[in-house]
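Novice: Let's see this in three dimensions:
(one chain, ligands or ions: 1)
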Amino acid sequence: MNIVLLGAPGAGKGTQAAKLVSEYDIAHISTGDILRAAVKNMTPLGKEAKTYMDKGDLVPDYVVIGLVKERLQEKDTEKGFILDGFPRTTAQAVALTSELADLGRNIDAAIAVVVDPEVIVERLTSRRLCHACGHIGTAAITECPVCGGQMYQRDDDKPETVRNRLDVYEKSTAPLLDYYKGADLLVEVDGDRPVDTVFADIRAALAKN
Ligand code: AMP
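Specialist: Numbers count the residues shown, from 1 in each chain. The predicted model follows:
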């Protein structure tokens, strides 16, 4: 099963990706996670990416496309993968289609998790993550309920950056819904419901594939 997960930042892609990974035992490819790890380790890639990420802008296509192409060569992706946060531009979507064709693979479904922008602003500015295990929670908790780690706020979840990320999504990424609709791969799911309800819809849609 090869899945593309689309949706604005904060729509719940990361949460649904984690559930899909455990349900289908497929590889999780989150370009945001890869880039954040590079920033943390201060690699040349991380240094380049940080200037864009801090503002909520997109990292240039050639950088992200290169990263994903490399990641798709890894063995664990052969049993299937979920792309979370990629593609985010038409150029990335076209590059992905062509790379997968070269590898003799294809996308089974592009799932768009749809949430109203005002709900997203509220969700993102109150989102907190666990330093130790990555658990996603809210500002109401300071200690991770899963592992006891310290919760923190992502720099790009500050209100002014969130607004820019949503603008960037509308301009660059929302048009991809039409790209995947045209390829008859798009499944739209209402993401403004409890996590398990959203997941049940996604699972049902994938079962039809
Ligand atoms: P995310 O965790 O998916 O919200 O990504 C965090 C940040 O990483 C984004 O705001 C971008 O700056 C960068 N990023 C992640 N994925 C991509 C992508 N596919 N194309 C360009 N930039 C990306």
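Novice: what sits against Ala139?
Specialist: Ser126, Arg127, Arg128, Gln153 (C-beta atoms under 8 Å, 6 or more residues apart in numbering). For glycine as for every other residue, the C-beta is placed from the backbone atoms N, C-alpha and C.
Novice: Determine the number of other residues adjacent to the first one.
Specialist: Counted with other C-beta atoms under 10 Å, the neighbours of Ser126 add up to 13.
Novice: That one against Thr138, yeah?
Specialist: Yes - at 5.1 Å, Ser126 and Thr138 qualify as touching, with contact defined as C-beta atoms under 8 Å.
Novice: What helix or strand is the one residue in the chain that gets nearest to the ligand located in?
Specialist: Nearest residue of the chain to the ligand: Gly32, at 2.1 Å (C-beta to the nearest ligand atom). Following DSSP states H and E, one finds Gly32 within helix 31-40.
Novice: quick one, phi psi at Met151?
Specialist: Per-residue torsions, Met151: phi -90, psi 150 (degrees, to the nearest 10).
Novice: how close does it get to His28?
Specialist: Met151 sits 21 Å away from His28, going by C-beta to C-beta, to the nearest Å.
Novice: Likewise for Leu6?
Specialist: From Leu6 to His28 the distance is 15 Å (C-beta to C-beta).
Novice: Compare neighbour counts for these two and give me the winner.
Specialist: A side-by-side neighbour count of Leu6 and His28, using other C-beta under 10 Å, places Leu6 first with 28 against 18.
Novice: quick one on the thing from earlier: generate TSV for the contacts of Ala139, with pLDDT as supplementary columns.
Specialist: Output for the contacts of Ala139, formatted as TSV (pLDDT from 0 to 100):
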residue	pLDDT
Ser126	94
Arg127	92
Arg128	95
Gln153	93
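Novice: one step back: could you pull up the contacting residues of the residue of the chain closest to the ligand?
Specialist: Here Gly32 is in contact with Gly14, Asp84, Gly85 (C-beta under 8 Å, 6+ apart).
Novice: The ligand next: which of these are close?
Specialist: Gly85 (C-beta under 6 Å from any ligand atom).
Novice: Nearest to Leu185 among the contacts of Gly32?
Specialist: Set against Leu185, the nearest of the contacts of Gly32 by C-beta to C-beta is Asp84 (16.1 Å).
Novice: residues contacting that closest one?
Specialist: Taking C-beta under 8 Å, 6+ apart, we find Asp84 in contact with Leu5, Lys13, Gly14, Ala17, His28, Ile29, Ser30, Thr31, Gly32, Asp33.
Novice: if you set the cut-off to 7 Å instead, what comes out?
Specialist: For Asp84, the contact set (C-beta atoms under 7 Å, 6 or more residues apart in numbering) comprises Leu5, Lys13, Gly14, Ala17, His28, Ile29, Ser30.
Novice: Pull up the residues of the chain that are close to the ligand.
Specialist: By C-beta under 6 Å from any ligand atom, the residues of the chain that approach the ligand are 9, 31-32, 35, 52-53, 56-59, 64, 85-86, 88, 92, 156, 165.
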